[in-house]
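Colleague: any chance you could fold what I've pasted below:
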Amino acid sequence: MSADQLRESAAAPPRWNPTTAWNNQLRQLSKQRQYREALTLYRHMLRSSFFPNTFTFPFLLKSCAFLSLPLAASQLHAHVIRTGSQPDPYTRSSLINTYAKCSLHHHARKVFDEMPNPTICYNAMISGYSFNSKPLHAVCLFRKMRREEEDGLDVDVNVNAVTLLSLVSGCSVATHLTIGVCLHGCCVRFGFVTDLAVANSLVTMYVKCGEVELARKVFDEMLVRDLITWNAMISGYAQNGHARCVLEVYSEMKLSGVSADAVTLLGVMSACANLGAQGIGREVEREIERRGFGCNPFLRNALVNMYARCGNLTRAREVFDRSGEKSVVSWTAIIGGYGIHGHGEVALELFDEMVESAVRPDKTVFVSVLSACSHAGLTDRGLEYFKEMERKYGLQPGPEHYSCVVDLLGRAGRLEEAVNLIKSMKVKPDGAVWGALLGACKIHKNAEIAELAFQHVVELEPTNIGYYVLLSNIYTDANNLEGVSRVRVMMRERKLRKDPGYSYVEYKGKMNLFYSGDLSHPQTKQIYRMLDELESLVKEVHPPNEKCQGRSEELLIGTGVHSEKLAIAFALLNTKSGTEITVMKNLRVCVDCHLFIKLVSKIVNRQFIVRDATRFHHFRDGICSCKDYW
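Modeller: Here you go, the predicted model:
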């Protein structure tokens with residue numbers, strides 16, 4: 001029904017109660033989520049000389065809350081006072097809720113404190129504090145509520161599931177974890193932990209606080225789970241980097257008979273992208289089409305990102321091209337995809353096409369553009385885009401942009417320029433900026449600047465073992481044994497440890513995981529036999545005349561055969577001749593493995609796609625797409 005029709009129908013309300021018809025129309029608009037129309041109708045009501053009553057304001061205040069209109073809320077509050085509706089507890093509860101949703105929790109508390117009998121408004125005020133991420137305020141009010149309940153000051157004050165739900169939902173960051181754990185105890189004590197909504201809020205709370213194992217414990221103890229439960233656990237694992245757990249929970253969810261929604265599939269695709277699980281990703285794409293989610297822009301963008309990060313750039317481009325309206329997020333996904341595959345020229349062409357299509361770039365897309373320039377060695381063009389950020393688009397570069405440019409200059413050997421750029425930064429350099437400089441020093445074997453970069457980066461990220469490894473490798477390349485020894489001592493003193501390198505390869509819909517020096521795979525004997533044969537063939541083609549100068553984290557922590565070699569040997573054993581092999585690795589590929597894979601690609605006439613910690617390498621006929629520049 002249009003606004004004009006509503007006015008016509010409300011213009012002649014029944015004589016016996018002239019305000020009832022207006023209230024009915026306001027109620028209908030509120031149910032239909034036509035909040036602006038409700039406020040417009042209210043103004044027409046006042047101009048028509050009809051006066052609101054107690055039942056009018058809750059609908060209007062709800063509209064202000066959803067639209068976040070603090071000024072309109074204050075004006076309605078004045079109307080409440082003028083009409084004498086202020087003592088009504090439901091109107092006051094609506095006022096508290098609206099002020100809270102408009103980020104005016106102080107105003108909400110003032111309304112609460114002015115109430116002579118605030119019994120039914122405790123939950124509204126607690127919810128308001130939680131909505132504004134004020135869990136301590138919410139807990140203090142909860143304690144006041146409990147005192148009144150225990151002292152019998154008001155028999156109507158009772159803690160219920162809504163109370164605990166509101167309290168728990170306010171704990172949304174790691175610093176709130178202690179409060180959240182205490183509230184979990186309260187849920188158990190009051191017997192609300194079996195309430196589905198409360199249990200879901202506990203799972204979500206632990207996830208947001210970064211404690212996925214505690215979230216999983218609550219999840220496992222739940223007798224009943226709904227879609228919200230499964231989504232909370234899947235999203236929690238996805239956001240905290242536990243990709244394999246995401247797929248495991250998703251598999252359990254399907255077996256339980258609960259149907260996935262868009263939120264579920266987003267989390268699963270994120271896991272597929274991290275693992276390189278393209279086969280499972282294809283199944284998810286079919287599920288998206290089957291369930292009619294194909295037009296969902298978030299899922300389309302996630303598909304582009306998933307295929308690009310799984311090594312299938314062709315399919316990523318197909319999904320992108322068939323998308324309808326493309327947002328800056330869509331462009332960022334495909335530009336970033338081409339960038340990590342080393343196709344910098346194509347990435348820049350897409351960026352220019354994006355600008356021509358009137359989509360305004362943001363800071364995130366510039367990270368992808370600058371990174372693409374770095375991976376492709378497009379130094380001058382990258383510097384030009386960096387200047388355009390502020391000059392043409394008014395975007396102030398952040399540390400993430402500076403780290404890309406430092407990497408860009410560093411890879412080109414322009415280390416002094418990189419140092420000067422860091423000194424001229426308008427924002428404080430973070431660990432990634434100094435880490436990019438340290439990485440460049442590894443490429444160009446510059447121990448002097450490396451020591452400067454290391455000094456800064458360990459102050460910012462003292463437990464990041466990767467930086468210690470980089471400096472040790474630089475000292476090794478310079479035959480500085482004393483330097484290597486110092487780094488090893490620092491690592492021991494700081495008790496720094498890191499899991500060894502690992503690689504994934506997908507086979508028949510299953511992710512096969514290999515650690516460095518792995519002996520646990522059922523085909524271990526065949527894998528090592530195949531690897532020995534490959535090593536012998538490689539030595540015939542490229543005799544080891546010189547000691548390999550490449551080092552990796554795995555060498556420093558004393559592990560055995562590198563994981564990507566094991567993954568490739570496994571794939572060669574189990575796939576047909578000519579099949580493309582894709583391997584995902586958690587660390588940077590070392591020089592020795594890079595050379596090995598190049599030569600093997602020529603010997604066995606296969607294409608290998610290896611994604612390491614920074615980029616994709618496409619190996620074919622003894623050549624890598626990175627042109628040995630990574």
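
Colleague: could you use CA atoms for every contact and neighbour count after this?
Modeller: Fine.

Colleague: all strands for the stretch 401-550 of the chain, in order.
Modeller: 502-507, 510-515 (DSSP state E, counting those that start in this stretch).

Colleague: distance of residue 147 from residue 188?
Modeller: Distance, residue 147 to residue 188, by Cα to Cα, to the nearest Å: 19 Å.

Colleague: per-residue confidence at the residue most central in space within the chain?
Modeller: Centroid-nearest residue in the chain, with Cα atoms, centre = their mean: residue 239, separated by 5.3 Å. pLDDT for residue 239: 91.

Colleague: neighbours of the closest residue in space to residue 341 that isn't next to it in sequence, how many?
Modeller: Nearest non-adjacent residue to residue 341, counting by Cα to Cα, 6 or more residues apart in numbering: residue 616, 4.9 Å away. Neighbours of residue 616 under the rule other Cα atoms under 10 Å: 28.

Colleague: list phi and psi for residue 616.
Modeller: phi -100, psi 140 (degrees, to the nearest 10).

Colleague: comparing residue 147 and residue 188, which shows the higher neighbour count?
Modeller: In this view residue 147 and residue 188 are compared by other Cα under 10 Å, and residue 147 has more residues nearby, 14 against 11.

Colleague: part of a strand, is the more buried one?
Modeller: No: counting by DSSP: H, G, I helix; E, B strand; the rest coil, one finds residue 147 to be helix, located in no strand.

Colleague: what lies in contact with stretch 245-253?
Modeller: Outside stretch 245-253, the residues that touch it by Cα atoms under 8 Å, 6 or more residues apart in numbering are 230, 233, 234, 235, 237, 238, 259, 267, 268, 271.

Colleague: flag every buried residue along that stretch.
Modeller: 245, 246, 247, 249, 250, 253 (16 or more other Cα atoms under 10 Å).

Colleague: any idea of the mean pLDDT for it?
Modeller: Averaging pLDDT along stretch 245-253 gives 95.

Colleague: can you dump the C-alpha atoms of that stretch in PDB for me?
Modeller: Written as PDB, here are the backbone C-alpha positions of stretch 245-253 (Å, rounded to 0.1, in the frame of the first residue of the first chain):
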ATOM      1  CA  CYS A 245      37.700 -27.900  10.800                       C
ATOM      2  CA  VAL A 246      35.300 -25.800   8.700                       C
ATOM      3  CA  LEU A 247      34.900 -28.600   6.200                       C
ATOM      4  CA  GLU A 248      34.600 -31.300   9.000                       C
ATOM      5  CA  VAL A 249      31.800 -29.300  10.700                       C
ATOM      6  CA  TYR A 250      30.100 -28.600   7.300                       C
ATOM      7  CA  SER A 251      30.100 -32.400   6.600                       C
ATOM      8  CA  GLU A 252      28.500 -33.100  10.000                       C
ATOM      9  CA  MET A 253      25.900 -30.400   9.300                       C
END
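
Colleague: centre of the chain to it, how far?
Modeller: 18 Å (Cα atoms, centre = their mean, to the nearest Å).

Colleague: how far away is the closest residue to residue 304 other than its chain neighbours from residue 282?
Modeller: In this structure, residue 304 finds its nearest non-sequential neighbour in residue 316, 4.5 Å apart by Cα to Cα, 6+ apart. From residue 316 across to residue 282, the span is 12 Å (Cα to Cα).

Colleague: more neighbours, these two?
Modeller: Just comparing residue 316 and residue 282: by other Cα under 10 Å the higher neighbour count belongs to residue 316, 25 against 16.

Colleague: need the pLDDT of residue 591.
Modeller: We have a pLDDT of 81 for residue 591.

Colleague: typed the wrong thing, it's residue 18
Modeller: Each residue has a pLDDT score; the one for residue 18 is 73.

Colleague: mind listing what it touches?
Modeller: Listed by Cα under 8 Å, 6+ apart, the contact set of residue 18 reads residue 50.

Colleague: that one should be in a helix, yeah?
Modeller: No: assigned with three-state DSSP, residue 18 falls outside any helix and is coil.

Colleague: ok, it to residue 24 distance?
Modeller: Applying Cα to Cα, the value for residue 18 to residue 24 is 11 Å.

Colleague: same deal with residue 625?
Modeller: Counting by Cα to Cα - residue 625 and residue 24 are separated by 68 Å.

Colleague: domain ranges for the chain?
Modeller: The record's domain parsing of the chain by automatic domain parsing lists 1-115, 398-498, 502-629.

Colleague: residue 562 reaches residue 517, doesn't it?
Modeller: Yes: contact criterion Cα atoms under 8 Å: residue 562 and residue 517 qualify, at 6.4 Å.

Colleague: and the two? which has more neighbours close in?
Modeller: The neighbour count for residue 562 versus residue 517, taken as other Cα under 10 Å, is higher for residue 562 (24 against 18).

Colleague: what's the nearest residue to that one if we skip its chain neighbours?
Modeller: residue 516 (4.6 Å).

Colleague: please apply the same query to residue 375.
Modeller: Counting by Cα to Cα, 6+ apart, residue 375 lies nearest to residue 342, which is 5.6 Å off, once chain neighbours are set aside.

Colleague: which residues does the one you found contact?
Modeller: 372, 375, 376, 615, 616, 625, 626.

Colleague: which residues of the stretch 251-400 of the chain score low on pLDDT?
Modeller: Nowhere does the stretch 251-400 of the chain drop to pLDDT under 70.

Colleague: helices of that one, start to end?
Modeller: 262-275, 278-290, 297-309, 313-322, 328-340, 344-356, 363-376, 379-393, 399-411 (DSSP state H, counting those that start in this stretch).

Colleague: hmm, who's touching the fifth one?
Modeller: Just to be clear, that refers to helix 328-340. Here helix 328-340 makes contact (Cα under 8 Å, 6+ apart) with 300-302, 304-305, 308-309, 313, 316-317, 320, 344, 346-348, 350-351, 354, 359-362, 364-365, 368-369, 371-373, 375-376, 614-616.

Colleague: now do the first one
Modeller: Under the criterion Cα under 8 Å, 6+ apart, residues 230-231, 234-235, 238, 241-244, 246-247, 250, 277-278, 280-281, 284, 288, 293, 298-299, 302-303, 305-307, 309-310, 504, 584 lie in contact with helix 262-275.

Colleague: which stretches of the stretch 401-550 of the chain have low pLDDT?
Modeller: For the stretch 401-550 of the chain, the stretches with pLDDT under 70 are 498-499, 544-550.

Colleague: before we move on, the earlier item: could I get the contacts of stretch 245-253 in a markdown table, plus columns for distance to residue 590 and neighbour count?
Modeller: Converted to a markdown table, those look like this (distance: Cα to Cα, whole Å; neighbours: other Cα atoms under 10 Å):
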| residue | distance to residue 590 | neighbour count |
| --- | --- | --- |
| 230 | 39 | 21 |
| 233 | 36 | 26 |
| 234 | 33 | 28 |
| 235 | 33 | 24 |
| 237 | 30 | 27 |
| 238 | 28 | 23 |
| 259 | 43 | 12 |
| 267 | 31 | 25 |
| 268 | 30 | 30 |
| 271 | 25 | 27 |
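
Colleague: reformat these as a markdown table; add distance to residue 64.
Modeller: Converted to a markdown table, the contacts of stretch 245-253 look like this (distance: Cα to Cα, whole Å):
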| residue | distance to residue 64 |
| --- | --- |
| 230 | 33 |
| 233 | 33 |
| 234 | 34 |
| 235 | 31 |
| 237 | 36 |
| 238 | 35 |
| 259 | 35 |
| 267 | 33 |
| 268 | 36 |
| 271 | 39 |
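
Colleague: tell me the one of the residues you listed nearest residue 102?
Modeller: Among the contacts of stretch 245-253, residue 235 lies closest to residue 102 (Cα to Cα), at 27.6 Å.

Colleague: what's the spacing between that closest one and residue 70?
Modeller: Plainly put, residue 235 is 33 Å away from residue 70 if you go by Cα to Cα.

Colleague: again, but for residue 169
Modeller: 23 Å.

Colleague: so between the two, which is more surrounded?
Modeller: Shown here are residue 169 and residue 70; by other Cα under 10 Å, residue 169 has more neighbours (21 against 18).

Colleague: pretty sure that one sits against residue 205.
Modeller: Yes: with contact defined as Cα under 8 Å, residue 169 reaches residue 205; the gap is 6.5 Å.
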